[in-house]
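# okay, structure incoming, though there's no sequence with it:
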């Protein structure tokens, strides 16, 4: 399937989800599996350590689809061969919904004693307000706190 046909197919599938009988008003949650192709992922950052022995690392993944940002955090561990493998993946629910229409820019990640803090500038497709997004992640797998502050 060529690129324009693939895009049309994705748009049609998204419309069917939104307009279909199983759709809900807030849109569909988009899982990390939708972004396993490298063309959708535009930012990956290893940041900080986790686990009692501090051998695990956090990986933050930003993907973009339909002019909207999607953000995922993974708790990574080394396997027996020394390769990093995802032990746990969490979708940032406040962003990873196909109705959120939030675009992130100026992403940063910094390690803290209890996990990591991800910050970004966020613009909304629903209004012209600009926000600062802060996501505190960890220490337990799946644990995060999302905060958005209006900047204008």
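Here it is on my side, so go on. Treat the numbers as computed from the prediction; the structure is a model and nothing was measured. Residues are numbered from 1 along each chain as shown.
# C-alpha only now, for contacts and for neighbours.
Fine.
# where do the helices sit along the chain?
Assigned by DSSP state H, the chain shows helices spanning 3-19.
# quick one: the strands in it?
Using DSSP state E, the strands of the chain run over residues 41-50, 56-65, 68-78, 84-91, 102-112, 115-124, 130-137, 144-150.
# which one of those strands lies closest to residue 29?
Among the strands of the chain, the nearest to residue 29 by Cα to Cα is strand 84-91 (8.8 Å).
# the closest one: which residues count as buried?
Within strand 84-91, the residues that count as buried by 16 or more other Cα atoms under 10 Å are 86, 89-91.
# one more: stretch 40-50?
41, 46-50.
# any chance of these in TSV, with distance to residue 121 and pLDDT too?
Output for the buried residues of stretch 40-50, formatted as TSV (distance: Cα to Cα, whole Å; pLDDT from 0 to 100):
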residue	distance to residue 121	pLDDT
41	18	87
46	20	95
47	19	95
48	21	94
49	24	93
50	26	91
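# ok, those residues vs residue 71, which is closest?
The closest of these to residue 71 turns out to be residue 41 (Cα to Cα; 9.8 Å).
# the closest one - nearest residue in space that isn't next to it in sequence?
Nearest residue to residue 41, sequence neighbours excluded (Cα to Cα, 6 or more residues apart in numbering): residue 63, at 4.1 Å.
# who does residue 112 bridge with?
residue 115 (DSSP bridges).
# okay, it: pLDDT?
In this prediction, residue 112 carries a pLDDT score of 95.
# any figure for the gap between it and residue 139?
Noted for residue 112: a distance of 10 Å to residue 139, by Cα to Cα, to the nearest Å.
# so which residue is smack in the middle of this protein?
Residue closest to the average C-alpha location in the chain (Cα atoms, centre = their mean): residue 71, at 1.1 Å.
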